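>>> Return atomic coordinates for the entry below.
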Amino acid sequence: MATLRVNGHEHFTVLEPRTSLLDALREHLHLTGTKKGCDQGGCGACTVWVDNRRVLSCLTLALAAEGREITTIEGVADGEDLHPMQRAFLEADGFQCGYCTPGQIMSAIKCVEEGHAESDAETAEWMSGNICRCAAYQNIREAVRSGRDAMREADGERP
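You can find the predicted model right below:
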């Protein structure tokens with residue numbers, strides 16, 4: 001029996017020792033916002049936060065995350081109130097097919113919080129592990145800029 005704390009809630013489930021965090025989230029907890037892209041750590045579609053740090057959930061064993069705080073895209077909004085970065089992605093049309101969007105948003109929020117979104121070049125570098133097969137990078141960078149400014153305004157900072 002494993003206990004995973006996801007989006008502020010404890011979940012009890014039986015997992016094989018080799019189950020990835022991605023598979024535990026999607027198949028055992030039915031949280032399907034986190035996407036399985038390459039399943040090899042190369043695309044970033046499976047990006048979640050463990051103890052407030054970005055991780056590739058396809059490369060993380062679920063049992064290694066036991067006792068730690070896991071946040072998925074489902075846990076970013078406050079009820080019906082979207083996170084500023086989620087709103088920015090919608091407003092900037094920062095997606096095409098949308099498959100990579102959850103991982104892009106999870107990384108974008110952390111890039112801003114880590115101070116790695118001051119320029120488009122810096123954002124591109126720090127989000128280089130998040131691949132968009134549709135090549136919507138121009139709109140993604142616009143969304144990150146807008147989301148960064150909105151996050152700063154929400155925190156009482158100057159954008």
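
>>> For the longest helix anywhere in the chain, enumerate the helices and strands it packs against.
Across the chain, the longest stretch assigned as helix under DSSP state H is helix 137-154. Packing partners of helix 137-154 (3 or more C-beta pairs under 8 Å, 6 or more residues apart in numbering; DSSP states H and E): helix 84-91, helix 101-114, helix 120-126. In this view, the C-beta of every residue, glycine as well, is placed from N, C-alpha and C.

>>> buried stuff in the first one?
This points to helix 84-91. P84, M85, Q86, R87, A88, F89 (16 or more other C-beta atoms under 10 Å).

>>> same thing with the second one?
Within helix 101-114, the residues that qualify as buried by neighbour count (16+ other C-beta under 10 Å) are T101, P102, G103, Q104, I105, M106, S107, A108, I109, K110, C111, V112.

>>> Out of the residues you listed, which is nearest to A121?
Distance ranking of the buried residues of helix 101-114 against A121, using C-beta to C-beta, places C111 first at 12.4 Å.

>>> I'd assumed L4 was in contact with L29.
Yes - the pair L29 / L4 is scored as a contact, 7.1 Å apart, by C-beta atoms under 8 Å.
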